[in-house]
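[1] following is a predicted model, sequence given first.
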Amino acid sequence: MALTALIKEHGGPENFVLEDRPVGNPGAGEVRIAHKAVGLNFIDVYQRTGLYPMDLPHALGMEAAGIIEAVGEGVTHLKAGDRAAYAAQPPGAYCEARVMPAAQVCPLPDDISFEQGAAMMLKGMTAQYLLHRTTPLQMNDTVLFHAAAGGVGLIACQWARSEGIKLIGTAGTDEKCALALEHGATHCINYRTEDWAARVRDLTDGKGVDAVMDAVGKDTFDGSLDSLKPLGMMISFGNASGPVPPFNLGILGPKGSLKITRPSIFTHIADHNTCQQMAQHLFDKVLSGDVDIRIDQRFALKDVADAHRALEARKTTGSTILTL
């Protein structure tokens, strides 16, 4: 049996229920993993509220780290006793142990802690696909990154700095801006006190940025388009302020023949080999010291509702984990 946090209906954080649930044994292509730490992400909020609907009841959580207890037939990249971490579907990481598909579970290097592993897999591989797999970026290119002091943002700031990419961040307080700058942002704009789109134009001598990386959604979409240079790429990868409303695709032409994409990490990691390669790239960045995984909030699994409240209230910085 494993203590598990699940929801039986969509809604607020108060809908979480804690239950002891049977774990079972892994079938073909599966592993059983005992968690040591679990990551918290905004996608968990989207699933809890029903923005991303799912069949209920269901446990939430998309990333964690722990020890492999057993492997099913056909699993060759892991064995019982291995340290491992993952970002993967289906949801279900908010628990002490689970059986799950093995393809996206990755061997965790000894020099990376379980807490770091739980905090970095979804966020770190998101930064990897944003900077390496979505649009061509090279040294001295400029990107605008919203929520630069969040879990993905602080990793992206450091990753961009390590590759000579200029990252202009936005954040909601001066303290968060200072944190982004400390982690490698070239500039950071307090969107509560400045016209951030105008400031981006000033910082780029009126040219605009090569790409925008936007997990905020509705509140930043229009200004993000206005911040791009001609032929620039708008990467909308989240909805923290709500989903982007329908818009006229025709506006992209007059604004500079802009490009737009709505990626998901789960498309990028769907192939086993690609997922393992992306994870190794992330591990290399962390082990080299280019990227430090900052964990600013820890909540016990039983306090998962409080963790969600803090995340939704924008009271968090860096990564948040659930401890076991």
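    Looks like it arrived, so ask away. Numbers count the residues shown, from 1 in each chain.
[2] isn't E30 right up against R98?
    No. Between E30 and R98 there is no contact under C-beta atoms under 8 Å: 9.8 Å. Where you see a C-beta, it was placed from the backbone N, CA and C, and this is true even at glycine.
[3] of the two, who's got more company?
    Using other C-beta atoms under 10 Å as the criterion, E30 and R98 rank with R98 on top: 25 against 22.
[4] which helices and strands does the one helix or strand the more buried one maps to pack with?
    For R98, the host element (DSSP states H and E) is strand 97-101. Secondary-structure packing of strand 97-101 (3 or more C-beta pairs under 8 Å, 6 or more residues apart in numbering; DSSP states H and E): strand 30-39.
[5] how about Q104: what's its closest non-neighbour residue?
    In space, and not counting its chain neighbours, Q104 is closest to A88: 3.7 Å by C-beta to C-beta, 6 or more residues apart in numbering.
[6] what helix or strand is E175 on?
    Per DSSP H and E, E175 falls inside helix 174-182.
[7] show residues contacting that helix.
    Residues from elsewhere that reach helix 174-182 (C-beta atoms under 8 Å, 6 or more residues apart in numbering): 148-149, 153-154, 157, 169, 171, 187-190, 193, 317-318.
[8] among those, name the ones in strands.
    Residues from those lying in strands, with DSSP state E as the criterion: G169, A171, H187, C188, I189, N190.
[9] hang on, the first one packs against A185?
    Yes. Counting by C-beta under 8 Å, G169 does reach A185; the two are 4.2 Å apart.
[10] what do the two both touch?
    Contact criterion C-beta under 8 Å, 6+ apart; residues shared by G169 and A185: F145, A148, C157.
[11] which parts of stretch 16-24 are buried?
    The neighbour-count check on stretch 16-24 (16 or more other C-beta atoms under 10 Å) flags F16, R21, V23 as buried.
[12] ignore the last one, stretch 74-88
    For stretch 74-88, a neighbour-count test (16+ other C-beta under 10 Å) marks V75, H77, L78, D82, R83, A84, A85, Y86, A87, A88 as buried.
[13] now that stretch: mean pLDDT?
    Across stretch 74-88, the average pLDDT comes to 98.
[14] ok, now stretch 189-196?
    96.
[15] can you give me the end-to-end distance of that stretch?
    End-to-end distance of stretch 189-196 (C-alpha to C-alpha, to the nearest Å): 6 Å.
[16] check stretch 103-115 too.
    End-to-end for stretch 103-115, by C-alpha to C-alpha: 21 Å.
[17] cool, and stretch 101-120?
    Stretch 101-120 end-to-end distance (C-alpha to C-alpha) = 19 Å.
[18] does the residue most central in space within the chain belong to a helix or a strand, and which?
    Closest residue to the average C-alpha location of the chain: K123 at 3.1 Å, with C-alpha atoms, centre = their mean. Using DSSP H and E, K123 sits in helix 114-132.
[19] send the alpha carbons of the following helix or strand past that helix over as PDB?
    Downstream of helix 114-132, the next assigned helix or strand under DSSP H and E is strand 142-145. Taking Å, rounded to 0.1, in the frame of the first residue of the first chain, the C-alpha atoms of strand 142-145 are listed here in PDB:
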ATOM      1  CA  THR A 142      17.900  37.300 -27.600                       C
ATOM      2  CA  VAL A 143      14.800  35.600 -26.000                       C
ATOM      3  CA  LEU A 144      12.100  37.000 -23.800                       C
ATOM      4  CA  PHE A 145      11.200  34.600 -21.000                       C
END
